[in-house]
Structures are given as structure tokens and as C-alpha cells.
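Engineer: pasting the structure only:
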Ligand SMILES: [Zn+2]
């Protein structure tokens, strides 16, 4: 009995092994056929649209990551609007994958955020450059030129924007800020200022004789021709220190503005203010005439600083 049973077990084991071998062999053949005829790929969908096939999902992901890290001074960051979708599939071995095209497509739709640097003057954006270094150069150059005198409120602001904002070169940025109206006005005021006193034009007219030496002698002022009776405005507020006739000057007004600054208005036809009188900005103090040593109606204007005669054209009538 035992002998028969043993024989039976042996028979079945042998049979099973035969079948298993056959099955493994069969599977191998099938795999070989599949391997020869088909290949595994990932079908990529982006924004719901199939954009191609890739053999390695990882490779594409790595490429995208690498691209996103391509940030620099110019680009703040790169983001994708959507993540691509991958679907595993067996396709005919002859079908081609299109990794490069897929990466290109994904790159094209990426959102690039740019980094720029704006130079602001009193909080108002005046120029935009690409790098922080360039912005610093602009500020340094302007500071060197005016900041000590004008105390400009210059700042650098970083701009992060998805638009590729056009930038300027350092030279253009410097010129833009320098030509700013507020700076130009301040500069003009400063140029017209003597010892902190801002001198303004007393009359408009034609300059007929400038300040300085000439054959006939030293001309101590500036002559501005105008019709007799033209109102003469004081160049700056102050106190009248002289009002009356004075030799060659004819009818003369002298105004003291403080800080050692005085102005003289000579050859007047009429004097409207008297000695000791305070005059305010733009006040009419006299009328143009031709009194004293004069050949025609004009204003002879003098500027004196600490008693020294100065060229009025250094401050006014530039
Ligand atoms: Zn003169």
C-alpha cells in the first residue's frame, strides 16, 4: 500500500514539474514577443491635451525641475501653470517618443517672474535697471553729482513682475533722474541762490551791457534795457537801505536781503519805496528810467555779497 502511494506521489510531482516548466517557458516566449513588438511608455497630457510620449517619466520631471531652477538676477522664479499628467501604456516598439518637444511645450507655457530694480526719487519711480549692482551705480553717480547739495530722496526698489519690464542702461537711468523736473528746478533755485538768498529777475528786457572790465572802465552791474516806467520788482525780500539820487547811478534803490547780500537798482525814473521800508517777495520798488550817467532807459542791476561786487549773471539772468 505504502509503495503504491509513494509511486503515485512521485508521478504527480513529476507531472507538476513538467507543467510548471512548460508554463515558465511559455511565459518567457510571450514576454520575448512583447518585448520585441511593444515597449512601455508614458503618455503625457498637458492642459487636458495629449502632447506626446516619453520613455522615462523621471527624466521629464528632472528636466522641468532643472528648468525651474534656471533663476538668476534677471528671473526671480519660474512656475508651471499646471503639472503634466503621465499615463503608463504599452505601445508598438516602432513608435517614437518626443521628449524634447514635450519639454519645449511645457517651457513655453511656464510663467516667468522677472526681477528688476527701480530707482525712485521721493517715492516716484524714475528708471528701471536689470541688476541691483546697476541700480547702486546709478544712485552712486547721482549722489556724487548732486546729493550732497540737494539731499535727494533716492532709493532702490526691487520689482517682481510677470511682465518683462524694459530696462535702461546705467547711463540712461542716470540721465533720466538728472533731468527730472524736480531736480532741475532745485538746481536752478540753487544756482540763483547767493548766501542762501534766492534772487529773482526784477524786469524782463534785453541785456545791453554785461558785468566786467572793458576799455571805458569796470562795469559793476548788468544793464537790462526796457521802456521807461517798466515796474522793477525787488529780487528778494529785504529792507530798503537807500532810496534817492546818487551821482552816476541817478535815482537808486539799495535793498539788503540779509546774509550780507545787497541788490542795487539804478537809473530809475521813479522810486516807490523809502529807506528803512521792508519789501516782500516780488514787490515793485521802482520804475525803469534813464537818470544819472545813462544813454537810454535801462535798469542797472548790481549784486553785492559782503560788500563785494558780484556778477548778477551768476545768479540771475543766466
Ligand atoms: Zn550799468
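Structural biologist: Sure, I can see it. Fair warning: this is a prediction, and the values are worked out from it, not measured in the lab.

Engineer: if I look at whichever residue of the stretch 151-300 of the chain sits closest to the ion, how far off is residue 253?
Structural biologist: Going by CB to the ion, the ion is nearest to residue 300 of the stretch 151-300 of the chain, at 3.4 Å. Where you see a C-beta, it was placed from the backbone N, CA and C, and this is true even at glycine. With the distance defined as CB to CB, to the nearest Å, residue 300 ends up 11 Å from residue 253.

Engineer: ditto for residue 74
Structural biologist: When residue 74 is compared with residue 253 (using CB to CB), they lie 64 Å apart.

Engineer: more crowded one of these two?
Structural biologist: A direct count of neighbours by other CB atoms under 10 Å for residue 74 and residue 253 places residue 253 higher, at 27 against 13.

Engineer: quick check: the more buried one touching residue 273?
Structural biologist: Yes: in terms of CB atoms under 8 Å, residue 253 counts as a neighbour of residue 273; the distance is 6.5 Å.

Engineer: which residues do these two both contact?
Structural biologist: Both residue 253 and residue 273 are in contact with 240, 243, 285, 286, where contact means CB atoms under 8 Å, 6 or more residues apart in numbering.

Engineer: residue 173 is in contact with residue 139, isn't it?
Structural biologist: No: with contact defined as CB under 8 Å, residue 173 does not reach residue 139; the gap is 9.4 Å.

Engineer: domain parsing for this structure?
Structural biologist: Domain segmentation of the chain under automatic domain parsing yields 2-68+81-108, 114-191, 197-314.

Engineer: and the average pLDDT for stretch 210-217 is what?
Structural biologist: Averaging the model's pLDDT scores along stretch 210-217 yields 84.

Engineer: and for it, what are the contacting residues?
Structural biologist: Residues from elsewhere that reach stretch 210-217 (CB under 8 Å, 6+ apart): 218, 219, 220, 221, 222, 223, 311, 312, 313.

Engineer: in the protein, which helix is the longest?
Structural biologist: Of all the segments of type helix in the chain, defined by DSSP state H, the longest one is helix 2-37.

Engineer: distance check, residue 68 against residue 83.
Structural biologist: If you measure residue 68 against residue 83 using CB to CB, the figure is 12 Å.

Engineer: these two: which has the busier surroundings?
Structural biologist: Set side by side, residue 68 and residue 83 give different neighbour counts by other CB under 10 Å, the larger being at residue 68 (14 against 10).
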